[in-house]
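>>> turn this into a structure:
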Amino acid sequence: MTCGGATRLDAPRRMPRRACVKRLSLALLSVLLGACSGLANRNAPAFNEVIARNDNYLIVRASQDATSRSLAKTFLGDAKRYWLIEEENDDVPVRPGRIVAIPLRETGRSGISPHAVQTVPVLCYHRFGDRNDGMMISARRFDRQMAYLKDNGYQVIPLTALLEFLEGRQRVPKKAVVLTIDDGHQSIYKIAYPILKKFSFPATVFIYSDYLGYGGLTWSQIHEMGRDGLVDIQAHSKTHTNLNKRLPGESRDAWLRRVESEVSAPSNKLREHADTPVIAYAYPYGETNKQVIDYLGKYDYLLGFTVFPGGNAAYSYPYMLHRSMIFGDRDMRAFRKALNNKMSF
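All right, here's what the predicted structure looks like:
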């Protein structure tokens with residue numbers, strides 16, 4: 001039956017719009033409540049049967065070999081959007097014969113509901129090595145943390161996805177997390193990068209430009225990591241000086257010129273050589289002020305990161321984003337605490 005944009009494929013007669021919307025809503029409700037779980041059996045169809053549709057949803061009966069990824073590839077055009085289907089169906093697994101709701105439009109892009117607000121945690125690492133101390137984390141511990149993310153349903157998203165979430169252009173998974181690494185030490189390439197490749201997790205490296213090729217990462221290493229599409233390079237100042245403090249005897253005008261150089265130099269250098277757009281700036285020591293933020297706008301940065309712990313809601317001020325430091329001498333309980341992705345009311 002058809003009405004108001006919703007179509008029941010096995011019945012050509014029309015019905016009132018309100019009744020049609022109600023019927024589609026009931027179909028969705030049955031999915032969310034798992035009422036159709038008994039449909040998974042040996043008589044499941046060999047193809048995905050479309051039962052109902054409107055502008056926002058498809059209701060399908062899953063085929064014998066259907067998965068959330070295959071449904072996303074078939075109906076959304078991208079297998080990587082499988083999480084949209086899983087979240088829409090309360091994370092109930094796709095099984096043969098099960099009725100599945102497929103969202104055709106992204107709703108709830110802000111992650112705001114009557115009782116909670118979605119937040120995106122951004123994790124901040126520094127050095128990688130044999131020790132577990134404050135600023136260095138061992139390969140074994142980093143691997144264990146990445147395995148925890150994978151095994152517990154976290155979706156590591158690139159920095160560009162966080163930007164689109166903050167701008168209201170894209171919904172992100174409810175267990176989204178962003179990985180960042182500061183300074184640009186060689187251990188990123190030697191230790192962290194192979195582990196990121198193992199899990200296919202994207203990460204952003206914030207590097208201060210004077211360190212490039214002078215003890216820090218080299219351009220050949222940066223380009224190699226960028227070819228996999230996993231690691232992008234963003235700015236962390238020119239010299240890693242604290243931009244909140246004047247040098248001894250430094251006038252205000254001299255300080256402002258130095259601050260502008262600390263913002264503009266990495267922007268110019270990275271945009272000349274990097275493979276990805278330069279959109280973000282991590283403040284040295286996590287400290288900033290109005291003058292620094294004004295320069296970020298002048299030089300076309302879109303995001304600025306502190307090291308204040310906590311997640312980022314869709315309405316967060318883009319130049320004062322939170323990041324949670326991950327220390328090598330903290331246990332898994334501290335790591336799990338940094339992954340908080342919701343503020344409840």
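>>> rest of the way, CA atoms for contacts and neighbours
Fine.
>>> host element of residue 237?
According to DSSP states H and E, residue 237 maps onto no helix or strand at all.
>>> give me the number of neighbouring residues for it.
Number of residues near residue 237 (other C-alpha atoms under 10 Å) recorded here: 28.
>>> and the pLDDT at it?
pLDDT recorded at residue 237 is 96.
>>> now do the contacts for it.
207-209, 262-263, 265-266, 281-284 (C-alpha atoms under 8 Å, 6 or more residues apart in numbering).
>>> got CSV for the residues you listed, with pLDDT too?
Output for these, formatted as CSV (pLDDT from 0 to 100):
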residue, pLDDT
207, 95
208, 94
209, 93
262, 97
263, 97
265, 95
266, 94
281, 98
282, 98
283, 97
284, 96
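>>> so which residues of the stretch 201-345 of the chain form strands?
For the stretch 201-345 of the chain, the strands defined by DSSP state E, counting those that start in this stretch occupy 203-207, 231-235, 280-282, 303-305, 311-312, 324-325, 342-344.
>>> what does the stretch 1-150 of the chain give?
So, for the stretch 1-150 of the chain - with DSSP E, counting those that start in this stretch - the strands run 2-3, 6-8, 49-53, 57-61, 99-103, 116-118, 120-125, 127-128, 136-137.
>>> any idea of the mean pLDDT for the longest one?
Read it as strand 120-125. Mean predicted confidence for strand 120-125 is 98.
>>> rewinding a little: in helices, which of the contacts of residue 237 fall?
262-263, 265-266 (DSSP state H).
>>> could you tell me the least trusted of the strands of the stretch 201-345 of the chain?
Among these, strand 342-344 carries the lowest mean pLDDT (a mean of 80).
>>> that one packs against which elements?
With contacts taken as 3 or more C-alpha pairs under 8 Å, 6 or more residues apart in numbering; DSSP states H and E, strand 342-344 sits against strand 116-118.
>>> what residues does the strand it packs on touch?
With C-alpha under 8 Å, 6+ apart as the test, strand 116-118 has contacts from 110-112, 174, 313-314, 341-345.
>>> list the buried residues in it.
117-118 (16 or more other C-alpha atoms under 10 Å).
>>> sorry, back to before: how about CSV for the contacts of residue 237, with neighbour count and distance to residue 178 added?
Formatted as CSV, the contacts of residue 237 follow (neighbours: other C-alpha atoms under 10 Å; distance: C-alpha to C-alpha, whole Å):
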residue, neighbour count, distance to residue 178
207, 28, 17
208, 27, 20
209, 25, 22
262, 25, 25
263, 25, 23
265, 19, 25
266, 23, 22
281, 25, 15
282, 29, 14
283, 28, 17
284, 26, 19
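>>> coming back round to it: which one, of the strands of the stretch 1-150 of the chain, ends up nearest to residue 90?
strand 99-103 (10.3 Å; C-alpha to C-alpha).
>>> keeping just the C-alphas, turn that closest one into PDB.
The C-alpha trace of strand 99-103 is given here as PDB (Å, rounded to 0.1, in the frame of the first residue of the first chain):
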ATOM      1  CA  ILE A  99      13.700  -7.500  10.300                       C
ATOM      2  CA  VAL A 100      16.200  -4.700  10.200                       C
ATOM      3  CA  ALA A 101      15.700  -0.900  10.100                       C
ATOM      4  CA  ILE A 102      18.100   0.900   7.800                       C
ATOM      5  CA  PRO A 103      18.300   4.700   8.300                       C
END
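>>> kindly calculate the angle that that strand makes with strand 57-61.
Per axes from the mean of the first three to the mean of the last three C-alpha atoms, to 10 degrees, the angle that strand 99-103 makes with strand 57-61 is 160 degrees.
>>> quick check: angle from strand 99-103 to strand 49-53?
50 degrees.
>>> re earlier: closest to residue 76 out of the contacts of residue 237?
residue 281 (33.5 Å).
>>> that closest one contacts residue 297, correct?
No. The pair residue 281 / residue 297 is not scored as a contact, 10.8 Å apart, by C-alpha atoms under 8 Å.
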